[in-house]
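# Generate a structure from the sequence data that follows.
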Amino acid sequence: MTEHSFYKVIEVVGTSRTSWEDAAKSAMMAVAQSVRNLRVAEVKEFDLKLEEKEVIYRVKLDVSFKIEGHEV
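Residues are numbered from 1 along each chain as shown. Here you go, the predicted model:
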């Protein structure tokens, strides 16, 4: 019997007051607190938001994780 793996992809947005890199890291750390078996994060979009005269860095990520218990 051939074993197959299945993955779920979710979209998340990370924010930071310092950099896009920190925004991406904060998003991944937040996801890691509630999702097991994280695999890959792909950066889909960068943007900036102006909030009360301060720049907010935002990064949109597609994050994939392995679905447990589903083998064919």
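# how about the strands of the chain, start to end?
Taking DSSP state E as the criterion, the chain carries its strands at 7-16, 38-51, 54-66.
# Deepest-packed of those, please.
Most buried of the strands of the chain, by mean neighbour count (mean count of other CB atoms under 10 Å): strand 54-66, with a mean of 16. All C-beta spots, glycine's among them, are computed from the backbone N, C-alpha and C.
# Strand partners (parallel or antiparallel) of it?
strand 7-16 (antiparallel), strand 38-51 (antiparallel) (DSSP bridges).
# contacts for that strand?
With contacts defined as CB atoms under 8 Å, 6 or more residues apart in numbering, strand 54-66 is touched by 5-20, 22-24, 27-28, 31, 35-50.
# Around V35, how many other residues sit close by?
15 (other CB atoms under 10 Å).
# The nearest residue to it once chain neighbours are set aside and E11, how far apart?
Spatial nearest neighbour of V35, excluding adjacent residues (CB to CB, 6 or more residues apart in numbering): F65 at 5.2 Å. F65 sits at a distance of 13 Å from E11 (criterion: CB to CB, to the nearest Å).
# can you check A30 too?
For A30, the distance to E11 - CB to CB - is 13 Å.
# follow-up on the earlier one: how about the strands of the chain in JSON lines, adding mean pLDDT?
Shown next, in JSON lines, are the strands of the chain (pLDDT from 0 to 100):
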{"stretch": "strand 7-16", "mean pLDDT": "95"}
{"stretch": "strand 38-51", "mean pLDDT": "94"}
{"stretch": "strand 54-66", "mean pLDDT": "96"}
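# Show the pLDDT at S34.
Predicted confidence (pLDDT) for S34: 90.
# ok, now how distant is it from F65?
10 Å.
# what's near enough to touch the closest residue to V12 other than its chain neighbours?
Among residues not flanking V12 along the chain, A27 sits closest, at 4.8 Å (CB to CB, 6+ apart). Listed by CB under 8 Å, 6+ apart, the contact set of A27 reads V12, V13, G14, A41, V59, L61, V63.
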